[in-house]
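>>> this one's structure only:
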């Protein structure tokens, strides 16, 4: 019997080549799209879950009440790690993870810059990054020990073992390589090329002993069977206790395995994060697969008259309804299997390009049995989903009606087939609307006024002899015309490295916490950045020696601090007091979609790490940058010159929206393509079914245009209904999405009109291909007797 069913299934596929091609093509596109999305989802949900004992691995977070709201932060006081080890017996191991920055490594004639961090010796026992060389128990026990990743070790030593090699770091320190790690996997939130020991900071007296300052992140591995609630209870008031009650900060442990997906906190409570994006794309995968399955359902039921007699004869011969359902489901599963194999091949072919699009390294793990099981399950699910309705529909035919020839397809106002077509296009149009809105939000943010001039503005980090020779470098750049202005700053203009919570000013309650972003400059910041002064002047130590403790504030700070006349006001930021000399127009250093926070730009009493250079107009950008590099090599020959364009760094702030736009745009295009494939199949079936009607109409004088309009009108009505359904649903969900942004677009009517016109135009072109051909057939051929 099974063999007989297989023969019939293959005969039906070969007999109806056009419909078989449309069915299989739609399923291939739908299944391949869903597979790509599911591969990405699998990668996202696997972040930081590969560590052993991940269920016992936590990070210390802190809560502070700031401006009436609880704000959560991952940075902790530097002394917190040792205090946890001493005070909380439920903890097995602790490690801090601090910013180490980029270091210049020299080995022989090779000079390589690597980015990394300082950690406690227990770090590589807590986290399971595979070790290629070295002893896990002694890796970072020496202040001048260092662990490299394979990639950095290869750059420095080639294929020779790195273990025991001595590296010069910077210009005056030697480090011994005590271990080499495998390169970090793509599903790790950590990004480093080297790790050095926290013992170096201790030996040099760099440890920050102020419990009110935050710096490194702190990770904790609990003992087996230890109570998380008990550990949290002991941790909660630790900062306040050690800071002599000066801080109202509360601490808690949060699972490392949850941070990547659930790292968004509101008022001290986790409310989601990247998981929202994962859910969106899971829905898109489901919608696309459903659209492909609907194609199969519609085409299978549309051609039901062709198989009605087969069903009647089988029932007369004794087949029951369950046997017929099994047969038709088996045919669906066969088609799903063929489509599934082709979909896997398609995914393998397009995966490299898809990886480039999403900037990830997704892999099809053919060597893992669970992946094969998942693949088989996916194909079975698709086959059952696509074949369930046709199987039930075909198996219910009554043999008396079918064999007497009285069976007719129903042409009602509302039929399951029409509902399914509307459902298909509702999904597709909804995705198009979402794509347009996300693209508009992206454009809206990109066009927002930044408050500074990004063009030809570059920055470089102060390494080696740059601090010592800063004035010589600055004078050389200005005198040769390579730079129009130069300023020394605390951090890049596109980033925020420092935030104050305990600043005081006239009229502010002493215990109230207000978040103020900190920045610093040695002067000429307004000129270099092209900022707009609203009041006062720029910081200028040469003309005003007291400007070493001067500061600029932005408009948001004036409003928050309640200054009627800000010039001359005093701001206390322990241990110094700063006098306001100017107010600058609000500028963007963080997200372009969020409200601008209060900013305080301090004078040169604060530490400086970055040089910003406004390239001069005397040379082209390339010539100017080459001149700047020559000057830096002259005064800092031991270090390579690395410059970053501010406009390129600013553009990276839109990565999330660009990712969403690219991916949703791609899959909305595929969704409309799959839906149109189904529409084409229905149009072909309709033309076949109405051949004689078309012939009679032509004999009666109907034109090709009028017949085409007649045949397409029913389908166009369904697309319009889909637009009416999709528009309010898409508006609701996108309004919820846009609520995440303070700086957002307002959805205009033209977005929905454009999506509707695009869907109607695409559907019309798809149907017209077949209807014009059918309307152009000579009526003699249409009306002849078979």
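Arrived safely. Since the structure is predicted, the reported quantities are computational estimates derived from the model, not experimental observations.
>>> Tell me the confidence at residue 406?
Model confidence at residue 406, given as pLDDT, is 51.
>>> Revised request: answer the last question for residue 2.
The predicted local confidence for residue 2 comes out at a pLDDT of 55.
>>> Please name the residues that touch residue 578.
The neighbourhood of residue 578, defined by C-beta atoms under 8 Å, 6 or more residues apart in numbering, consists of 549-551, 570-572, 600, 602-603. Every residue, glycine included, has its C-beta placed from N, CA and C.
>>> Just these: which are in helices?
Under the assignment DSSP state H, the contacts of residue 578 contribute nothing to helices.
>>> Looking at these, state which has the most neighbours.
When neighbours are taken as other C-beta atoms under 10 Å, the top entry among the contacts of residue 578 is residue 551 (29 neighbours).
>>> Got the confidence number for it?
Here the pLDDT value assigned to residue 551 is 94.
>>> Tell me the secondary structure at the nearest residue to it once chain neighbours are set aside.
Residue nearest to residue 551 in three dimensions, not counting chain neighbours: residue 578, with 4.1 Å by C-beta to C-beta, 6 or more residues apart in numbering. Counting by DSSP: H, G, I helix; E, B strand; the rest coil, the backbone at residue 578 sits in strand.
>>> Likewise for residue 253?
Following three-state DSSP, residue 253 is assigned to strand.
>>> 657 is where my numbering starts, stick with that
Let's use 657 as the start, then, which means that last one is residue 909.
>>> I'd assumed residue 876 was in contact with it.
Yes: in this structure, residue 909 sits in contact with residue 876. The criterion is C-beta atoms under 8 Å, and the distance is 6.1 Å.
>>> Low-confidence bits of the stretch 1107-1256 of the chain, can you list those?
Low-confidence segments of the stretch 1107-1256 of the chain (pLDDT under 70): none present.
>>> Name all residues that make contact with residue 854.
With C-beta under 8 Å, 6+ apart as the criterion, the residues that contact residue 854 are 752, 754, 774-777, 796.
>>> related to what we said a few turns ago, between the contacts of residue 1234, which is nearest residue 1073?
For these, the residue nearest residue 1073 by C-beta to C-beta is residue 1256; the value is 65.8 Å.
>>> Now do the same contact list for the closest one.
Contact analysis of residue 1256 by C-beta under 8 Å, 6+ apart lists 1156, 1159, 1172-1175, 1207-1209, 1213, 1227, 1229, 1234.
>>> In strands only, show me the residues you listed.
Members of the contacts of residue 1256 lying in strands (criterion: DSSP state E): 1156, 1172-1175, 1207-1209, 1227, 1229, 1234.
>>> what's the overlap in contacts for residue 909 and residue 876?
Shared contacts of residue 909 and residue 876, defined by C-beta under 8 Å, 6+ apart, comprise 714-716, 887.
>>> Next step: the residues you listed restricted to helices.
residue 887.
>>> want to throw the shared contacts of residue 909 and residue 876 into TSV with distance to residue 1076 and pLDDT?
Output for these, formatted as TSV (distance: C-beta to C-beta, whole Å; pLDDT from 0 to 100):
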residue	distance to residue 1076	pLDDT
714	49	96
715	48	96
716	53	96
887	54	95
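>>> Need the max-distance pair from the shared contacts of residue 909 and residue 876.
Spatial extent of the shared contacts of residue 909 and residue 876 (C-beta to C-beta) is set by the pair 715 and 887 at 12.7 Å.
>>> list residues touching both of those two?
Residues touching both residue 715 and residue 887 (C-beta under 8 Å, 6+ apart) are 876, 909.
>>> Show me what residue 877 is bridged to.
Residues found in beta-bridge contact with residue 877 (criterion: DSSP bridges) are residue 713, residue 749.
>>> okay, now it: neighbour count?
Counted with other C-beta under 10 Å, the burial measure for residue 877 works out to 23 neighbours.
>>> Then the one 3 residues further on?
When neighbours are defined as other C-beta under 10 Å, residue 880 has 9 of them.
>>> what about it, which SS state?
Assignment for residue 880 (three-state DSSP): coil.
>>> wait, isn't it in contact with residue 708?
No: at 11.9 Å, residue 880 and residue 708 do not qualify as touching, with contact defined as C-beta under 8 Å.
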